[in-house]
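A.B. asks: Build the 3D model from these lines:
(chains A and B)
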Amino acid sequence: NAGVTQTPKFQVLKTGQSMTLQCAQDMNHEYMSWYRQDPGMGLRLIHYSVGAGITDQGEVPNGYNVSRSTTEDFPLRLLSAAPSQTSVYFCASSGQGRTGANVLTFGAGSRLTVL
Amino acid sequence: GEDVEQSLFLSVREGDSSVINCTYTDSSSTYLYWYKQEPGAGLQLLTYIFSNMDMKQDQRLTVLLNKKDKHLSLRIADTQTGDSAIYFCAERDGGSQGNLIFGKGTKLSVKP
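C.D. replies: Below is the predicted model of the structure:
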C-alpha cells in the first residue's frame, strides 16, 4: 500500500496564479483532511471531508477550495495564490472519522512558495 | 475555541529521559495523541490515549493523562539521538466530525 500520496512535493508560484495540490489514498478511508504547517504555528486545519461528496471548512479555509468526487482523492485548489499561502501542506486520512480514535495517516507534504 | 499548548523546545542528553508536556482546553475530548515529525517528513503517530485512561505504556514511551487538569505528557525513556524530532500533541475535538487540533509542536534535541 502506498498510503497517502501528495503531489507535487515542491512548487513555486507567482502571486495570482492558480494550482491544485493532489492527494490520493489507497486505504479506503472515509475521512480526509488538509492542514498547513507554518513556523511557530503548528498545524492548522484548512478543509476536511467525511466521505465522497461531503466537504466542510476547517480553521483557515479562506483562499482554498476542495472537492471529494471519489473516496480516494481530495484535491486542494488555490484559485489566486498569495504570498500568505507560502507554507507546507499536509494531507491526512483516517478510517475512523466520526467514531473511534480517528488516527490520521499523513502524506509526506507539499512545500509551496508564492512569490 | 479549543486550544492545545506545548513548550517549543526541549534539550536532553542521550540516555536521559525526556518529558514533553501539553495542556488542552476541550474537556469533551475523547482521544489525545502524540505525533512525531522528522525533518522534511510528514507526521507519524507515536501513540494515543482514550480519555478514560490515566496512563498508557508502549516500550520506551509512557503517556500520562490528568483529565482534571487537562494535562498530557509523553515520557521517552533512554532517549537516543534518533529521537530528535518535533513532537506534536493533539486532541480530538468534541464535535461530531472528529477533527484533530494540534499544538505548535515541541522540538526535542538530543545531545550525545
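A.B. asks: so where is the chain shaky, pLDDT-wise?
C.D. replies: Picked chain A for this. Applying pLDDT under 70 to chain A picks out residues A:1, A:97-99.
A.B. asks: meant chain B actually
C.D. replies: For chain B, the ranges with pLDDT under 70 are B:1-2, B:96.
A.B. asks: Next, count neighbours for residue B:70.
C.D. replies: 18 (other CB atoms under 10 Å in any protein chain shown). Placement of C-beta: from N, CA and C, glycine included.
A.B. asks: which residues does the spatially closest residue to it that is not a sequence neighbour contact?
C.D. replies: Closest residue in space to residue B:70, ignoring its immediate chain neighbours: residue B:24 at 5.1 Å, by CB to CB, 6 or more residues apart in numbering or on different chains. Residue B:24 makes contacts with B:2-5, B:32, B:70, B:72, B:89, B:91, B:101, as judged by CB atoms under 8 Å, 6 or more residues apart in numbering or on different chains.
A.B. asks: Which of the residues you listed are buried? Put it as a ChimeraX command.
C.D. replies: In ChimeraX, this line selects whichever of the contacts of residue B:24 come out buried by 16 or more other CB atoms under 10 Å in any protein chain shown:
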select /B:2,4,32,70,72,89,91,101
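A.B. asks: about what we covered before: give the bridge partners for the residue nearest to residue B:70, please.
C.D. replies: Under DSSP bridges, the beta-bridge partners of residue B:24 are residue B:4.
A.B. asks: Helices of chain B, residue ranges please.
C.D. replies: Read by DSSP state H, chain B holds no helices at all.
A.B. asks: Chain A contacts on chain B?
C.D. replies: B:4, B:8, B:31, B:33, B:40-45, B:48, B:50, B:88, B:92, B:96-105 (CB under 8 Å from any CB of the partner chain).
A.B. asks: how about the strands in chain A?
C.D. replies: Along chain A, counting by DSSP state E, strands occupy A:4-7, A:10-13, A:19-25, A:31-38, A:42-51, A:54-57, A:64-66, A:76-78, A:87-94, A:105-106, A:110-114.
A.B. asks: sorry, that was for chain B
C.D. replies: B:4-6, B:9-13, B:18-24, B:31-37, B:43-50, B:55-58, B:61-66, B:71-76, B:85-92, B:100-102, B:106-111.
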